[in-house]
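1. Compute the structure for the input listed below.
(chains A and B)
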Amino acid sequence: MSGVPPRGDAPGGGDPGLQPERTRLAWRRMGLAYTVVTVLAVRLALTGDTAGALLAGVTVLTWWATLVVGWGRATGRRQARIDTRAVPLVALGTVGLALLCVSLVLRGVW
Amino acid sequence: MSATKRIIGVVWQAIRRWFDPSDLNSVGTTPDYRFSLANERTFLAWLRTGLALIAGGLAAAQFLPPLPLRHLREAIAVALLLLGATVAIRAVDHWSRTERAIRLGERLPASRFPAVLALIVAVGALLLVVAVLAKGMSVR
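-> Okay, here's the model as predicted:
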C-alpha cells in the first residue's frame, strides 16, 4: 500500500467517493470506541489501592499510545510519517488492552 | 518439540507480514489507492467489533449482579474479552493477507471467521434467552 492517500477529497475535486475522508472518519470512530473501553477499564481498575492506580495508569498509557498512532494515521499532517504500520500497531494495542482487562477481572476474583 | 517450533515460526512469519510494509510494497504492483483504503476501513470496522466485545466483557464484570453460579459473571467477562482480542488479531491478519492479494491480483482470501463469530454470538444470545426465561419461571 502506498500509504499516503491523496488529499483531493474536497467537494468539486479529487475522489468523488470521498474515500480518504471516509477512512479518516473510520479511524476517528475506532478512537472513540477505544476511549469508551478505556473509561470502563479504568473504572474497573481503580479499587483504592496502589496496584489499582498503577493498572489504571498503564491502561491510560495504552489508550494514549493507540490514539496517537491511530489518529496520527487519520490526520493529513502526520499521514506521511505514520504509514500502514499503524494498522498492526493499533490491533496489538487492542489485544494488549483486552489482556489487561482480563487481568483486571481476575484480580477482582482473588 | 518440532511442532512447537513450527507454530512459533508460523506466528513469527505472520507478525512480520503485518509489520513489514516494505515487503508489502515490493510484491506485485501498487493498486488503486481506493482499494487499499477500503481494506483499511474493513480492518477498522472489525477492530470496532472487537472493541465492542471488550466493552461488553467490561460491562459484564462491573454491572452484572453476582450470579447464582460462583464466578460465572467473571467467566462471561473473560470469554467476551478473549473473543474481542481474537477478533482484533484476526482483523489485522486478514487485512495484511487481503492487501497482499490485491497487490498480486490474486483472489481475496476466503474466511470462515465471520460465520464462526456469528454462530458464537447467536449461541450466547440463545443461552441468555433460556437463562432469562428460567429465572422468570422460578420467580413465579
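2. going forward, measure contacts and count neighbours with C-alpha atoms only.
-> Fine.
3. Show the contacting residues for the residue of chain A found nearest chain B.
-> At 4.7 Å from chain B, residue A:95 is the closest residue in chain A, using CA to the nearest CA. Residue A:95 makes contact with B:84, B:85, B:86, B:88, B:89, according to CA atoms under 8 Å, 6 or more residues apart in numbering or on different chains.
4. any idea whether the third one is helix, strand or coil?
-> Under the three-state scheme (DSSP: H, G, I helix; E, B strand; the rest coil), the conformation of residue B:86 reads as helix.
5. that older thread, state the distance from the residue of chain A closest to chain B to residue B:103.
-> According to CA to CA, to the nearest Å, residue A:95 stands 27 Å off from residue B:103.
6. Please apply the same query to residue B:111.
-> According to CA to CA, residue B:111 and residue B:103 sit 19 Å apart.
7. Equivalent analysis for residue B:80, please.
-> 35 Å.
8. Those two: which is more packed in?
-> Neighbour totals were compared for residue B:80 and residue B:103, and residue B:80 leads with 24 against 21 (other CA atoms under 10 Å in any protein chain shown).
9. Next, the contact list for the more buried one, please.
-> Residues counted as contacts of residue B:80 (CA under 8 Å, 6+ apart) are B:53, B:54, B:56, B:57.
10. One more: residue B:55?
-> For residue B:55, the contact set (CA under 8 Å, 6+ apart) comprises A:36, A:37, A:40, B:81.
11. Which element, helix or strand, includes it?
-> According to DSSP states H and E, residue B:55 maps onto helix B:33-63.
12. gap between that helix and the chain center?
-> Centroid separation for helix B:33-63 versus its chain: 8 Å, with CA atoms, centre = their mean, to the nearest Å.
13. Give the buried residues for it.
-> Judged by neighbour count using 16 or more other CA atoms under 10 Å in any protein chain shown, the buried positions of helix B:33-63 are B:33-34, B:36-37, B:39-62.
14. show me the contacts for the residue most central in space within chain B.
-> Among the residues of chain B, residue B:87 comes closest to the average C-alpha position under CA atoms, centre = their mean, at 0.9 Å. Listed by CA under 8 Å, 6+ apart, the contact set of residue B:87 reads B:46, B:47, B:49, B:50.
15. Equivalent analysis for residue A:74, please.
-> The contact partners of residue A:74, by CA under 8 Å, 6+ apart, come to A:23, A:24, A:25, A:27, A:28.
16. Of those, which is the most crowded?
-> Neighbour tally across those (other CA under 10 Å): the maximum, 24 neighbours, falls on residue A:27.
17. host element of that residue?
-> For residue A:27, the host element (DSSP H and E) is helix A:19-45.
18. Let me know the angle separating that helix from helix B:33-63.
-> Using axes from the mean of the first three to the mean of the last three CA atoms, to 10 degrees, one finds that helix A:19-45 and helix B:33-63 are set 20 degrees apart in direction.
19. Do stretch A:98-107 and chain B come into contact?
-> Yes - judged by CA under 8 Å from any CA of the partner chain, stretch A:98-107 comes into contact with chain B through A:98, A:99, A:101, A:102, A:105, A:106.
20. Can you report how many residues lie near the first one?
-> When you say that, I think you mean residue A:98. 30.
21. interface residues of chain A facing chain B?
-> Counting by CA under 8 Å from any CA, chain A sits next to chain B at A:1-2, A:5, A:19-20, A:23, A:26-27, A:29-30, A:33-34, A:36-37, A:40-41, A:44, A:84-85, A:87-88, A:91-92, A:94-95, A:98-99, A:101-102, A:105-106, A:109.
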